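K.L.:
sequence isn't available, so here's the structure alone:
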């Protein structure tokens, strides 16, 4: 069921108990959901572009089958039930552009994907989900506190990690202990204007895709030679970057993308499997 441009959603019985998917979008006049809980069979919930919505339901206690939750562009949303940890089938949470959602969550261990952007949510101390496969965090300072305390290295099942537009207080990527994520397959690190170095990523033996973007102060990248599973490498917007270590040892590398690195010197040997090469706005490089 999709609800669009509705000023009121109430508990008058018109949401059937058998409803499995509920999408509420584009309802700027909606300020609250007059529901105690959602239909029992609900599996997927999306609330998008409800700019004046301040609160949702009272509790998730009736929603044991809920698997996916999305809140996007809800500027005034301040209340979401804190009993997420009771949703034992919950697999994915996406919260984007909800600037007033300063809520402490304890997430269930069933959670596999957590995607947070421009939303000041918090983990309770013991609430970092340890079975995550995907973690995306962009432009949010508060969620980094538990990660900096060592929570990230406990997520041994993590397959994809995206960290973008981090707070100035994050002085070093090393403090996140990325080296412990030996199951990581895809790493994207972006917009670190203060950082001058990138930690050695040699222990990420399962990594097959690596994005490094907008590091205006780094001059070199540590040796990547031990990343023998790496298929894709992208380096962009690093204006002071002068050198990249020998890429010839990346024996699985198929795609290389380099853009806006004006001081980057000519590359050393490239491995034979390389099938795609993109170089742009790098005047010192010759194809």
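P.N.:
Arrived safely, thanks for sending. The shown structure was predicted, so the numbers you read here are calculated from the model rather than taken from an experiment. Numbers count the residues shown, from 1 in each chain.

K.L.:
CA atoms for contacts and neighbours, from now on please.
P.N.:
OK.

K.L.:
what about the stretch 51-200 of the chain, any weak spots by pLDDT?
P.N.:
Judged against pLDDT under 70, the low-scoring parts of the stretch 51-200 of the chain cover residues 122-127, 140-150, 165-176.

K.L.:
do I have it right that residue 224 meets residue 202?
P.N.:
Yes - with contact defined as CA atoms under 8 Å, residue 224 reaches residue 202; the gap is 6.1 Å.

K.L.:
of these two, which one has the most company?
P.N.:
residue 224 (19 against 16; other CA atoms under 10 Å).

K.L.:
what helix or strand is that one located in?
P.N.:
Taking DSSP states H and E as the definition, residue 224 sits outside all helices and strands.

K.L.:
check the one 3 residues further on too.
P.N.:
When elements are defined using DSSP H and E, residue 227 is found to belong to no helix and no strand.

K.L.:
run through the residues that contact it.
P.N.:
Shown in contact with residue 227 (CA atoms under 8 Å, 6 or more residues apart in numbering): 202-208, 250.

K.L.:
go again with 6 Å.
P.N.:
Going by CA atoms under 6 Å, 6 or more residues apart in numbering, residue 227 touches residue 205.

K.L.:
next one: residue 223
P.N.:
Residue 223 makes contacts with residue 245, as judged by CA under 6 Å, 6+ apart.

K.L.:
which pLDDT value goes with it?
P.N.:
On the pLDDT scale, residue 223 is placed at 82.

K.L.:
dihedrals phi and psi, it?
P.N.:
phi -60, psi 130 (degrees, to the nearest 10).

K.L.:
with residue 88 as the reference, measure out to it.
P.N.:
42 Å (CA to CA, to the nearest Å).

K.L.:
so what's residue 103 closest to, chain neighbours aside?
P.N.:
Distances taken as CA to CA, 6 or more residues apart in numbering put residue 121 closest to residue 103, at 5.1 Å, once the chain neighbours are dropped.

K.L.:
just to check, the one you found is in contact with residue 100?
P.N.:
No - here residue 121 lies out of contact with residue 100, judged by CA atoms under 6 Å, at a distance of 8.8 Å.

K.L.:
quick one, domains of this structure?
P.N.:
By the assignment in automatic domain parsing, the chain contains the domains 1-131, 159-287.

K.L.:
now these in TSV, with distance to residue 153?
P.N.:
Below are the domains of the chain laid out as TSV (distance: least, CA to CA, whole Å):
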stretch	distance to residue 153
domain 1-131	9
domain 159-287	6
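
K.L.:
related to what we said a few turns ago, who's more crowded, residue 121 and residue 100?
P.N.:
Neighbour count, other CA under 10 Å: between residue 121 and residue 100, residue 121 has more, with 21 against 17.

K.L.:
can you give me the strands for the stretch 1-150 of the chain?
P.N.:
2-4, 9-10, 21-25, 33-34, 44-48, 68-72, 92-96, 104-105, 113-117, 122-123, 134-138 (DSSP state E, counting those that start in this stretch).
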